[in-house]
Structures are given as structure tokens and as C-alpha cells.
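Peer 1: task: produce atomic coordinates for the following.
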Amino acid sequence: MIEQLRGLLSSLEIQPITIVDVGLTALLIYGAFSLIRGTRAVRLVIGVMVLYGVYVAAQFFGLQLLSQVLQAGAFVGLVGVVVVFQPELRRALERIGRVGSLGWLLNPTPGGAIERVAADLARAAAALAAQRHGALIIVERETGLGDTAESGVMLHADLSPELLTTLFMPRSALHDGAVIVRGDRIVAAGVILDLAELPPHSERLGTRHRAAASITEQTDALAIVVSEETGAIALAERGRFVRQLDEERLRVALAALLRPGGARAREALNLPTSRRGVHPARPQLRRRGTPRATAASPAPPASGTPAASGAERR
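Peer 2: Down below sits the predicted model:
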């Protein structure tokens, strides 16, 4: 069978190395487009392709002046591309530089410590959700977040659920920012994060959810978001959200994701994930003691309590 395949390729004058070359090139192009998908960089790429098409047409019809102008602009455009595509280029280099499944060789973490950290984070998130206190907790993995942490207040404190709930108290000075956790230590609080760009016609996201989407897309960090409006808990990983988590499911997901080579939250929880802007239907929140809605008699909303909306403003 292999000899017949080689004979067919030789008859078509196609060498096996050519197929490998084409496959790797296609993979590279696919990876480049996957990095800019859903961002405004897509329109910039289309603009560059249009200009290149104009240049080819000018060369074909012999328009020398237009060709020279486009050639001169190409040198300036190379510098402009680096500036415009800086977030995408940084994201690509970070992905290439990650050691992936070999990270446990460089920074081994005991399994007991991972379970303890996951339990403490889940307990703190559940307590904050019960009190409707908004929170954003960033859990560092292999990509260092030292430069990001410097935008907040450096703490270097031991991780505990009590300290996390205190930091996100509404009247505390650091409740508006994010908390960065490294291992079993709280590195910084009140950290200011960049906000993700929302594609057109996407679901509205609050500030915390946009910040979580941005930091998890640019790095391999995890983000725990507690909505101040609905009290819902969400876990973000690589720009994807798993929503409506309770303490136990959040603990299981964190433990799986923090282990070297661990599965993503989708496999850990067996739940549908959602890309920002494309979210699955979520169950309606209800007060404790309120009967579930049925097809025959839908449950009326609780008086004085705003219905849970798809757009969580915080």
C-alpha cells in the first residue's frame, strides 16, 4: 500500500516533502487567523489584502507611478503592522513560548497543595456569591503575571478564603480591582486589567467578564468571576466561560486545570463552554424556596428582585 502511494505521488511529480511543506504552511496560516478571529484585526487584514490586490493589478496594467507609491508605502506598513498587531503578536509568542505539559518538570507542585488551593478559591467564590459581592480572581499558571500585578497593591500574603472575601468587601479600598493568586499566595490586589474587545452583535459583558476574557486570552491564567448583579460564578480559561458554577463544581474544575496537563473546564465539568459573544442558554436564577417553573404554570418572578439578565454588568 505504501509503495503504491509512493508510486502515485511520483507519477504526479509530488514529493512527500512537498506535502509536508504545504501542510505546515496551511497550519501556520490557520494559526495566524485563529489568533485574530473575533477582533478588529480581521478588518485590517482585509484592508492589507485589498491593497496587495491593487498593487498586483497596477503591476499587471503597467501603472508605474501607482506601483512605486504602493512599494514605498509597504516599507512604512511593515512598521505599522508591528504596532497595530502588537496584541496578536504578543499572544502568539506567548503561546509558542509555553512549555505546556513539560511545565511540571520546571515547577512541580504537590497534588495536596493544588487541592487545597482549589478548595480555598471555591469556598471564597461561594461566600462572595452568597453575599452578591462582585469579584475577579486571577490564578496564575505557567505564564508569569508579575508585570500585571505591579499595577495593583503588592500583598504577598498567604491564601485564605477569609482574606479573599475581605478584599472584595464593597467598602474596601481594593474591591474594584482583580486579585492575582500564584500558587498558595495572594500576590497582589486591586490590579487593573485590560478589557477584551467585543465583536459586533455579541452579548454584552460587564467589566469583570471582559477583563477575565482579556487576561485568559493573552495568557494561560484562569479567572474566577463573581457577578455582583446576579451572584453567579463563572470560570474563564483561554477566553471561554463556564457559567453557573457552585462551590463543588468550581473546586473540581480548578483542581483539574491546575494539575500539569490537566483537562480544560469543559472536560472537567462536562458542561458546554461559551466563547465571549456566543453563550449557551443559562438557567434562570430563582430565590430559595420558590417552586421551579413548569411548562403548564411558569413561576412568576420574585417581587422586588430584578430578573437575571444575559448581560452581567459587573
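Peer 1: so what would you say the end-to-end distance of stretch 132-149 is?
Peer 2: One end of stretch 132-149 to the other measures 25 Å (Cα to Cα, to the nearest Å).
Peer 1: what about the stretch 151-300 of the chain, any weak spots by pLDDT?
Peer 2: Within the stretch 151-300 of the chain, the ranges that satisfy pLDDT under 70 run 198-203, 261-300.
Peer 1: just the helices in it please.
Peer 2: With DSSP state H, counting those that start in this stretch, the ranges of helices along the stretch 151-300 of the chain come out as 161-167, 207-218, 247-258, 265-269.
Peer 1: winner for burial among those helices?
Peer 2: For these, the largest average neighbour count (mean count of other Cβ atoms under 10 Å) is found in helix 207-218, namely a mean of 23. Glycine gets a C-beta too; all of them are placed from N, C-alpha and C.
Peer 1: hey, where'd the strands end up in the stretch 51-200 of the chain?
Peer 2: With DSSP state E, counting those that start in this stretch as the criterion, the stretch 51-200 of the chain has strands at 135-140, 153-158, 178-182, 185-191.
Peer 1: what's the first one packed up against?
Peer 2: It refers to strand 135-140. Judged by 3 or more Cβ pairs under 8 Å, 6 or more residues apart in numbering; DSSP states H and E, strand 135-140 is in contact with helix 111-130, strand 178-182, helix 207-218, strand 222-226.
Peer 1: could those go into TSV alongside distance to residue 27?
Peer 2: Listed next are those as TSV, based on distance: least, Cβ to Cβ, whole Å:
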stretch	distance to residue 27
helix 111-130	33
strand 178-182	33
helix 207-218	20
strand 222-226	27
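Peer 1: of all the strands of the stretch 51-200 of the chain, which lies closest to residue 260?
Peer 2: Relative to residue 260, the nearest member of the strands of the stretch 51-200 of the chain by Cβ to Cβ is strand 135-140, separated by 14.4 Å.
Peer 1: give the partner strands of that closest one in its sheet and their orientations.
Peer 2: Its sheet considered, strand 135-140 pairs with strand 178-182 (parallel), strand 222-226 (antiparallel) by DSSP bridges.
Peer 1: so which of those strands is the most packed in?
Peer 2: strand 222-226 (a mean of 27).
Peer 1: what angle separates that strand from helix 247-258?
Peer 2: 160 degrees (axes from the mean of the first three to the mean of the last three Cα atoms, to 10 degrees).
Peer 1: start and end of stretch 169-180, how far apart?
Peer 2: By Cα to Cα, the extent of stretch 169-180 from end to end equals 16 Å.
Peer 1: could you tell me the end-to-end distance of stretch 240-248?
Peer 2: Start-to-end, stretch 240-248 (Cα to Cα) is 20 Å.
Peer 1: got a list of what the nearest residue to residue 149 once chain neighbours are set aside touches?
Peer 2: In this structure, residue 149 finds its nearest non-sequential neighbour in residue 188, 3.9 Å apart by Cβ to Cβ, 6 or more residues apart in numbering. By Cβ atoms under 8 Å, 6 or more residues apart in numbering, the contact set of residue 188 is 149-150, 152-155, 179-180.
Peer 1: now those residues in TSV, with distance to residue 63?
Peer 2: Shown next, in TSV, are the contacts of residue 188 (distance: Cβ to Cβ, whole Å):
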residue	distance to residue 63
149	54
150	52
152	55
153	60
154	60
155	63
179	59
180	55
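Peer 1: restricted to buried residues, select the residues you listed in PyMOL.
Peer 2: Listed next is the PyMOL selection for buried residues among those, using 16 or more other Cβ atoms under 10 Å:
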select buried, resi 149+152+155+179+180
